[in-house]
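**Q** whatever this is, show me its structure:
(one chain, ligands or ions: 1)
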Amino acid sequence: MVLLGRWSLNVVPCPVCKGTVIGVAIDEDSISNAPRVPVLVPANCKKGHAVILFVDGPFAIRDGEAAGDAAQLEGKKSSLDRA
Ligand SMILES: [Zn+2]
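**A** Purely as a prediction, here's the structure:
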């Protein structure tokens, strides 16, 4: 439970909309026992964009990237439509 709180300190901007990526739930064991790093962890930003986080180790999120180029283009288009 403490670990979840510490993880939540690592906030990365959404690569699509620059919003906040939330709800990152990472099992420390999955990082510690990973055969190699960074570990790719799927997450979602507040607006629902699918984001892949690159995690180097416990509490170290190196970077974030949109889950897919196609999805990213789609997201830009639909956000224009919504605006
Ligand atoms: Zn976003």
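
**Q** for stretch 31-46, buried residues please.
**A** Within stretch 31-46, the residues scored as buried using 16 or more other Cβ atoms under 10 Å are Ile31, Pro38, Val39, Val41, Ala43, Cys45. Where you see a C-beta, it was placed from the backbone N, CA and C, and this is true even at glycine.

**Q** was I right to think Ile26 contacts Phe54?
**A** No - using Cβ atoms under 8 Å, Ile26 is not in contact with Phe54, being 11.7 Å away.

**Q** tell me the phi and psi of Glu28?
**A** When read as degrees, to the nearest 10, the backbone of Glu28 gives phi -60, psi -40.

**Q** gap between it and the ion?
**A** For Glu28, the distance to the ion (Cβ to the ion, to the nearest Å) stands at 26 Å.

**Q** where does pLDDT dip in the protein?
**A** 1-11, 23, 25, 58-59, 68-83 (pLDDT under 70).

**Q** what segments of it are strands?
**A** Under the criterion DSSP state E, the chain contains strands at 21-22, 39-45, 50-57, 60-66.

**Q** of all these, which lies closest to Val12?
**A** Closest to Val12 of the strands of the chain is strand 60-66 (Cβ to Cβ; 4.4 Å).

**Q** sorry, back to before: so between Ile26 and Phe54, which is more surrounded?
**A** Higher neighbour count among Ile26 and Phe54: Ile26, with 19 against 16, using other Cβ atoms under 10 Å.
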